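A.B. asks: 3D, please:
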Amino acid sequence: MQGANILLEPGVFPRLLQGLWVTVWIAAVSVGLSIPVGLITGWLMTLKNPIIRFIMRFYLDFIRIMPQLALLFIAFYGIARMSNWNLDATGACVLVFVLWGGAELGDLVRGALQSIPQIQYETAYMLGMSNWQSFVHVILPQAVRRLLPGAVNLSTRIVKTTSLAVLLGVVEVIKVGQQIIDANRFQYPTGTLWVYGVIFVMYFIVCWPLSLVAHALEKRWAND
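C.D. replies: Residues are numbered from 1 along each chain as shown. Got it, this is the predicted structure:
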């Protein structure tokens, strides 16, 4: 239990909370920017134009096949430096997470839109609605119900994936934990478990409410 005393060292918890703030900030910005990217991507995936659909399919498959870590290295060490683009590690993380989140959300949007029966469109037209009116008042409310639970789950995945930012040197909660462990390695040899235990609890506190929301939405709308 002596290793637990590492948590009592001055500045440990404030530093961990500061690192958690960086993690949450990266995740929140990435999720926020992923929404318009995903909505546009999902809409483009439903178009009948074969060229557009091929481009969107290639984008989605490329993002899914490539590990997020490889994408981070390509963005930060490859594209940014080769093109003399002044992109720091945090910016590279946000860029990759937005591209990844936008692709995944786009597929969710596509699935939600295509799951609406064709008769819903036909009924709206028979009632004299325009394409825009039928989309806003008939299609969109149903699509949102199908989309939201998966979108919330995607948000939790983005939060957890931000841990990869440590490999680019971003001082998020994992990096702060490593710094605390290294600084107290000889004084608290068993402190590693306690520091990472606190980090686990922090991730749990952030992700668990999102998981509850997704589960509640699925349960509620499944019975409608």
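A.B. asks: going forward, measure contacts and count neighbours with C-alpha atoms only.
C.D. replies: Noted.
A.B. asks: For the chain, which element, helix or strand, carries the lowest mean pLDDT?
C.D. replies: Within the chain, confidence by mean pLDDT, DSSP states H and E is lowest for helix 80-82 among all helices and strands, at a mean of 76.
A.B. asks: For it, what is the distance to the chain centroid?
C.D. replies: 24 Å (C-alpha atoms, centre = their mean, to the nearest Å).
A.B. asks: quick one: buried residues of it?
C.D. replies: The neighbour-count check on helix 80-82 (16 or more other C-alpha atoms under 10 Å) flags A80 as buried.
A.B. asks: following it, which helix or strand comes up?
C.D. replies: Per DSSP states H and E, the first helix or strand lying C-terminal to helix 80-82 is helix 89-114.
A.B. asks: just checking, what packs against whichever strand or helix holds P36?
C.D. replies: In the assignment (DSSP H and E), P36 maps to helix 12-45. Other elements packing on helix 12-45 under the criterion 3 or more C-alpha pairs under 8 Å, 6 or more residues apart in numbering; DSSP states H and E are helix 50-65, helix 89-114, helix 140-161, helix 173-183.
A.B. asks: ok, and for the longest one, which residues are buried?
C.D. replies: For helix 89-114, a neighbour-count test (16+ other C-alpha under 10 Å) marks 89-90, 92-113 as buried.
A.B. asks: I'd like to know which elements that helix is packed against.
C.D. replies: helix 12-45, helix 50-65, helix 68-73, helix 140-161.
A.B. asks: Would you point out which residue is most central in this structure?
C.D. replies: Nearest to the geometric centre of the chain sits I158, at 2.6 Å (C-alpha atoms, centre = their mean).
A.B. asks: got a list of what that residue touches?
C.D. replies: Residues near I158 by C-alpha atoms under 8 Å, 6 or more residues apart in numbering: A27, S30, V31, F97, G101.
A.B. asks: Using CSV, lay out these together with pLDDT.
C.D. replies: Rendered in CSV, the data for those read as follows (pLDDT from 0 to 100):
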residue, pLDDT
A27, 95
S30, 96
V31, 95
F97, 96
G101, 95
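A.B. asks: between these, which is closest to M45?
C.D. replies: M45 has its nearest neighbour among the contacts of I158 in G101, at 15.4 Å by C-alpha to C-alpha.
A.B. asks: pretty sure the closest one contacts N153?
C.D. replies: No. Using C-alpha atoms under 8 Å, G101 is not in contact with N153; the gap is 11.2 Å.
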